[in-house]
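**Q** Structure for the following, please:
(chains A and B)
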Amino acid sequence: MKNLEVANLLYEIADILEIQDVAFKPQAYRKAARTVETLSEDIEKVSKQGKLEELPGIGEHIAKKIIEFLETGKLKYYDEIKKQIPKHLSDLISVPGMGPKRAKILHDKLKISSIADLEKAAKQGKISKLFGFGEKSEEDILKGIELVKRGQARMLLGIALPLALEIEERLKKLNEVLQINVAGSLRRRQETIGDIDILVSTKKPGVVVDYFTKMPEVVRVLAKGETKSSILLKNNIQIDLRVIDDKVYGAALQYFTGNKDHNIKTREIAIKKGYKLSEYGLFDKKTNMLLASKTEEEIYKKLGMQCPPPEIRENRGEIEAALKNKLPKLIGYNDIKGDFHSHTKATDGTNSIEELAEAAKKLGYEYFCISDHSQNARIARGLSEEDMASHLKEIKAYAKKLKNFRLLAGSEVDILKNGDLDYPDKLLKQMDIVIGAVHSGFKSSMEEMTNRILKAMDNENLDILAHPTGRLINAREPYEVDLQKVFKKAAEKNIYLEIDALPQRLDLKDIHIKAAKEFGVKFVIDTDTHSLETLKYMDLGIATARRGWCEKKDIVNTCSAKELGKFFKKIR
DNA sequence: GCCGTTTTCGGCCCGACTGTTTTCAGTCG
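**A** Model (predicted):
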């Protein structure tokens, strides 16, 4: 998959054009880049089918450039425009507070063409002497460089969400706060978060902003205005607070939830209808009369569309669907009836069978599957055939004692390099549920990995394919695998693809889920829990399923305990 | 460079905050 390579190329072209002060093309290239970046199919495949121009934001010229790059590994146009600006100059605009205009001025006046040059000039006090710059700018540039140096790995949803909800709770207790929401990418439950956005309505903005900027964990106040303020916490986490009049709360929430492309598109729809949409409401362009602002629903309604759930506001077809009244009815956060993937202290978990079962009952589940590792997973202390056989007996014995609750005995079985499952069929048949997973050989070629997984899926005992791409967010790239083939096979063989809810996995991810759904694949949402603590992440898995447009019927573990036999051949 | 329920040409989201200015440009989300 060269999707990321192509996307980065297009982004870089956009940056260069922006520095050259070219109008409109940067936006066009950036839009195309985002399309490629979030494409679930292989761009080469799309290209070979001659369907590049069907993708949003990609027209004749960008399509030609993509084809050239895919076929030759090079792009003449890029090489040419790159020559026109100094090497590394496009790096400059990665420094917060530095944009194309300032980069160009600094280059023209001070010959600055890299972040290193920029730092040197700022430290020597050369920048503050320039027209249009001052001491504060110089200081901000140095602080910006620090941030870039420290790296800006995005925060995992599983870390950002609890933190944001905690601060939301604190603000909610202020008498002055009328309505409050976590907004932005967090409200959309994106897998990683850049910064945390919080929206508040109040009659006394000053009080709320003061409280917010003086919270004990605040290290720096980045901005503090009448209606908008930003703070930085110790671990470089930025939180933006937007304060708004209660009467326009819905408009602000719509604006502040995004994403950017979704907002642009909704505003374009507004314009076509003779309206204007901003965070202050939907207005008639001519008379400036306010048409809607209190709730998101009334704004979307006035635009002639359904209100898309925040999780799918990504401009991936939800606007077109909402206009036709054809939005999916997404799986709800209370629809899950059980969890199929968990580990006990028999392998690399920390709790006993009994403790996990008790915790699952408390969550209101009807069933729960213990699925410890197989023998090949040495690091995870995987169980030998004999040990697994007795472990299964132990689970089944305990299951008999439980009333109104179905405890299932299974295993997360390694898919070996040759595509075999890590236990003989005889042992697999004794399990209620067999979950296949790749835990080794991540660097294999796409062909090897695809064949390995497809072969495993031919094993009649396999029920679920766990974390199908093996990625760890910010830590490990997914292995190379032809997902289209996996999706096709999964649909044919009734093998359920897992949506692993661990914050660092969230695997499958949103765009792949949506693509797999097109093949008719069904999914399970599992926590892959190794302790009682991580059972709570089920919500992140559900959020990810929602981002992949899943309805209740797409997710197997929304079924009742009685219905399990319909989905799993070894369960009666 | 892309795109079309005003358009195949002429548009291209909208507003806040900041620093450096004497009314605004640049950056950000």
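**Q** so which strand or helix has the closest residue to DNA strand B within the stretch 351-500 of chain A?
**A** Nearest to DNA strand B, among the residues of the stretch 351-500 of chain A, is A:N474, at 19.0 Å (Cβ to the nearest atom of the strand). Yep, even glycine has a C-beta here, placed from its N, CA and C like the rest. For A:N474, there is no host helix or strand (DSSP states H and E).
**Q** what's the pLDDT at it?
**A** We have a pLDDT of 77 for A:N474.
**Q** tally of neighbours for it?
**A** 12 (other Cβ atoms under 10 Å).
**Q** Mind splitting chain A into its structural domains?
**A** A:3-149, A:155-244, A:248-323, A:338-567 (automatic domain parsing).
**Q** Worst mean pLDDT among the ones you listed?
**A** Among the domains of chain A, domain A:3-149 scores lowest, at a mean of 87.
**Q** Report whether it contacts DNA strand B.
**A** Yes. Using Cβ under 7 Å from any atom of the strand, domain A:3-149 reaches DNA strand B at A:23-25, A:27-29, A:31-32, A:53, A:56-63, A:93, A:95-103, A:128, A:131-138, A:140.
**Q** Kindly give a single ChimeraX line that selects the buried subset of the residues you listed.
**A** In ChimeraX syntax, the buried subset of the residues of domain A:3-149 next to DNA strand B is picked out as below (16 or more other Cβ atoms under 10 Å):
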select /A:28,29,31,32,57,58,62,63,93,95,96,98,100,102,103,128,133,137,138,140
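**Q** right, so of the domains of chain A, which gets closest to A:L330?
**A** domain A:338-567 (4.5 Å; Cβ to Cβ).
**Q** distance between the closest one and the chain's centre?
**A** Chain-centre distance of domain A:338-567: 20 Å, with Cα atoms, centre = their mean, to the nearest Å.
**Q** Over to stretch A:128-145?
**A** Counting by Cα atoms, centre = their mean, stretch A:128-145 is centred 35 Å from the centre of its parent chain.
**Q** For that stretch, output the C-alpha coordinates as CSV.
**A** Output of stretch A:128-145 as CSV, limited to C-alpha atoms (Å, rounded to 0.1, in the frame of the first residue of the first chain):
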residue,chain,number,x,y,z
SER,A,128,12.5,40.6,16.6
LYS,A,129,14.2,43.4,14.6
LEU,A,130,12.3,42.6,11.4
PHE,A,131,9.3,44.6,10.4
GLY,A,132,6.1,42.8,11.4
PHE,A,133,7.9,40.7,14.0
GLY,A,134,8.6,41.6,17.7
GLU,A,135,10.1,40.1,20.8
LYS,A,136,7.0,38.0,21.5
SER,A,137,7.1,36.5,18.0
GLU,A,138,10.7,35.5,18.6
GLU,A,139,9.9,34.0,21.9
ASP,A,140,6.9,32.1,20.4
ILE,A,141,9.0,30.7,17.6
LEU,A,142,11.6,29.3,20.1
LYS,A,143,8.7,27.7,22.1
GLY,A,144,7.3,26.3,18.9
ILE,A,145,10.6,24.8,17.9
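**Q** For that stretch, which outside residues touch it?
**A** For stretch A:128-145, contacts defined as Cβ atoms under 8 Å, 6 or more residues apart in numbering pick out A:95-98, A:102, A:105-106, A:109-110, A:115, A:118-119, A:122-123, A:125, A:127.
**Q** Strands - which of the residues you listed land there?
**A** Using DSSP state E, no member of the contacts of stretch A:128-145 falls within strands.
**Q** quick one: which of those is nearest to DNA strand B?
**A** A:R102 (3.1 Å).
**Q** gap between the closest one and A:R220?
**A** 21 Å (Cβ to Cβ, to the nearest Å).
**Q** likewise A:L233?
**A** 9 Å.
**Q** cool, A:K260 as well?
**A** 25 Å.
**Q** Torsion angles phi and psi at the residue in the stretch 201-350 of chain A that DNA strand B sits nearest to?
**A** Among the residues of the stretch 201-350 of chain A, A:G225 lies closest to DNA strand B, at 2.4 Å counting by Cβ to the nearest atom of the strand. Main-chain torsions, A:G225, degrees, to the nearest 10: phi -120, psi -170.
**Q** Counting neighbours, what do you get for it?
**A** Neighbours around A:G225, by other Cβ under 10 Å: 11.
**Q** Also A:L402?
**A** The burial count for A:L402: 15, using other Cβ under 10 Å.
**Q** Repeat that for the one 4 residues further on.
**A** The burial metric for A:R406, expressed as a neighbour count using other Cβ under 10 Å, is 20.
**Q** Centroid-nearest residue for chain A?
**A** Residue closest to the mean C-alpha point of chain A, counted by Cα atoms, centre = their mean, is A:E191 at 2.7 Å.
**Q** Just give the nearest non-adjacent residue to that residue, would you?
**A** A:L506 (4.8 Å; Cβ to Cβ, 6 or more residues apart in numbering).
**Q** Checking A:N376 next. Helix, strand or coil?
**A** coil (DSSP: H, G, I helix; E, B strand; the rest coil).
**Q** and the closest residue to it other than its chain neighbours, how far is that from A:G382?
**A** Excluding the flanking residues, the one nearest A:N376 by Cβ to Cβ, 6+ apart is A:D414, at 4.1 Å. Distance, A:D414 to A:G382, by Cβ to Cβ: 7 Å.
**Q** Common neighbours of those two, please.
**A** A:373-376, A:422.
**Q** most surrounded residue in those?
**A** A:S374 (29 neighbours).
**Q** who's in contact with that residue?
**A** Counted by Cβ under 8 Å, 6+ apart, A:S374 has contacts A:382-383, A:388, A:411-414, A:421-423.
**Q** Then A:D117?
**A** Residues near A:D117 by Cβ under 8 Å, 6+ apart: A:110-111.
**Q** so the closest residue to DNA strand B within the stretch 401-550 of chain A is in which element?
**A** As assessed by Cβ to the nearest atom of the strand, DNA strand B sits closest to A:I511 within the stretch 401-550 of chain A, at 18.4 Å. Secondary structure from DSSP H and E places A:I511 in helix A:510-518.
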